[in-house]
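1. No sequence on hand, only this structure:
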């Protein structure tokens, strides 16, 4: 019997494309929710907007579902007699480290009715939820969630957290009270600041390799293991930009002035690609505001008198070939792809 191909579902494709087409500003800070991540390099690259994960529509819908679930968690807790404030409080440790809590519980947790708690809500797939239940410990099964709660407790000066998780497959619930561990919390914040304020890219994490499953599913795989340059041109991938302890970004090329968040996404024609974000050999240029990259055996001037970092990121081979030089000059054009 011949196979009958199912018709494409154009409606589902249209829904997913609508989600994928929405342009959102990358997270401007290094969030408490990622401080438990195992890899310093990934944290640095994501904070620098040098490696940005591109999600398909189905995944974006899953993320939306997780956000919408927070109202259900709040309603269930209140229905159980718990006094919970669902308005998102924020913690800010400076140095670009901050985060938003799901809620604050003022009273009513069984066995600790008068104790204040940080509330953390998570949705899980069946496998992830099973791992949590089997370990009976969020610290042992989902360490990044554990660290997230620790930083929230430290920032809010609350020494208990309530972790509430739901399995999306069958609506099973899991709850756990977590104690503040100041040593873990402070170490996570200090690590985040060290990474965010570093001008140079950290080394790969211990165990990193092309065959390691955590590397294989990482958005930075081609960058780390296939020597691909960054694909993102913005102020944070520019060598002139510096992250400050005051949680701002300053531009050395423009007199050390603060870079507005909206402008950080676009950058300017003075963009010089950060040397850690490209696999090319680098040479000194005559101007301190420019550099020379050796691409395909050819010297390519990166800076105002040559090709901007945006152009080199868009098409390094064309920049190196010189084929577009006359067109750029004649029409005051730029290479965009």
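-> Received it, and whenever you're ready, just let me know what you need. Just so it is clear, the structure is predicted and the values come from calculations on it, not from any experiment.
2. Okay, strands next: where are they in the stretch 201-337 of the chain?
-> Applying DSSP state E, counting those that start in this stretch to the stretch 201-337 of the chain gives strands spanning 241-243, 249-251, 257-258, 281-284, 291-295, 298-302.
3. swap that for the stretch 1-150 of the chain, sorry
-> For the stretch 1-150 of the chain, the strands defined by DSSP E, counting those that start in this stretch cover 30-31, 83-85, 90-94, 97-100, 103-107, 117-124.
4. Among these, which comes closest to residue 250?
-> Among those, strand 90-94 comes nearest to residue 250, with 15.4 Å by Cβ to Cβ. Quick note: C-beta positions are derived from backbone N, CA and C, even for glycine.
5. Mean pLDDT per helix and strand in the protein: which one sits at the bottom?
-> helix 325-331 (a mean of 72; mean pLDDT, DSSP states H and E).
6. pull the longest helix from this protein.
-> Looking across the chain with DSSP state H, the single longest helix is helix 57-79.
7. re earlier: right, and the strands of the stretch 201-337 of the chain - which one's nearest residue 77?
-> Smallest distance to residue 77 across these (Cβ to Cβ): 37.7 Å, for strand 241-243.
8. how close does the closest residue to residue 248 other than its chain neighbours sit to residue 93?
-> Using Cβ to Cβ, 6 or more residues apart in numbering and skipping the chain neighbours, the partner closest in space to residue 248 is residue 258 (5.0 Å). To residue 93, residue 258 is 20 Å away according to Cβ to Cβ, to the nearest Å.
9. again, but for residue 215
-> Residue 215 is 29 Å from residue 93, where distance means Cβ to Cβ.
10. Tell me which of the two has more neighbours.
-> residue 93 (22 against 19; other Cβ atoms under 10 Å).
11. What does the pLDDT read for that one?
-> Per-residue confidence (pLDDT) for residue 93: 98.
12. Residue 156 is in contact with that one, correct?
-> No - under the criterion of Cβ atoms under 8 Å, residue 93 makes no contact with residue 156, lying 11.6 Å away.
13. So this protein: which segments form each domain?
-> With domains defined by automatic domain parsing, the chain comprises 19-196, 230-331.
14. Local confidence estimate at the closest residue to residue 26 other than its chain neighbours?
-> Closest residue in space to residue 26, ignoring its immediate chain neighbours: residue 49 at 5.1 Å, by Cβ to Cβ, 6+ apart. At residue 49, the model reports a pLDDT of 97.
15. and the most centrally placed residue in the chain, what does it touch?
-> Closest to where the C-alpha atoms of the chain average out (Cα atoms, centre = their mean) is residue 46, at 4.4 Å. Residue 46 makes contacts with 34, 52-53, 219, as judged by Cβ atoms under 8 Å, 6 or more residues apart in numbering.
16. Could you do residue 238 as well?
-> 251, 267, 270-274, 309.
17. One more pass at 6 Å, please.
-> Going by Cβ atoms under 6 Å, 6 or more residues apart in numbering, residue 238 touches 271-272.
18. ditto for residue 68
-> No contacts exist for residue 68 under Cβ under 6 Å, 6+ apart.
19. I'd like to know how far it sits from residue 75.
-> For residue 68 relative to residue 75 (Cβ to Cβ), the value is 12 Å.
20. and if you look at residue 106?
-> Here residue 106 is placed at a distance of 16 Å from residue 75 (Cβ to Cβ).
21. and what of residue 88?
-> Here the criterion is Cβ to Cβ. By it, residue 88 lies 16 Å from residue 75.
22. just residue 14 next, same as before
-> The gap separating residue 14 from residue 75 is 32 Å, by Cβ to Cβ.
23. Kindly report the same for residue 64.
-> With distances taken as Cβ to Cβ, residue 64 is found 18 Å from residue 75.
24. ditto for residue 278
-> From residue 278 to residue 75 the distance is 50 Å (Cβ to Cβ).
25. Which of these two has more residues huddled nearby?
-> Comparing residue 278 with residue 75 by other Cβ under 10 Å, the one with more neighbours is residue 278, at 22 against 12.
26. The more buried one - nearest residue in space that isn't next to it in sequence?
-> Leaving aside its sequence neighbours, residue 278 sits nearest to residue 229 (Cβ to Cβ, 6+ apart; 4.2 Å).
27. State the distance from that neighbour to residue 275.
-> Taking Cβ to Cβ, one finds residue 229 at 11 Å from residue 275.
28. same thing with residue 264?
-> Here the criterion is Cβ to Cβ. By it, residue 264 lies 19 Å from residue 275.
29. Also residue 244?
-> Plainly put, residue 244 is 20 Å away from residue 275 if you go by Cβ to Cβ.
30. Show me which positions of stretch 288-300 end up buried.
-> Using 16 or more other Cβ atoms under 10 Å as the test for burial, stretch 288-300 gives 290-293, 295, 300.
31. from the residues you listed, which two are the most distant?
-> Largest separation among those by Cβ to Cβ: 290 and 295, giving 14.9 Å.
32. export the strands of the stretch 1-150 of the chain to TSV and tack on distance to residue 318?
-> Below are these laid out as TSV (distance: least, Cβ to Cβ, whole Å):
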stretch	distance to residue 318
strand 30-31	34
strand 83-85	55
strand 90-94	42
strand 97-100	39
strand 103-107	52
strand 117-124	45
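33. Residue 224 is nearest to which of those?
-> Taking the strands of the stretch 1-150 of the chain one by one with Cβ to Cβ, strand 30-31 is closest: 19.0 Å.
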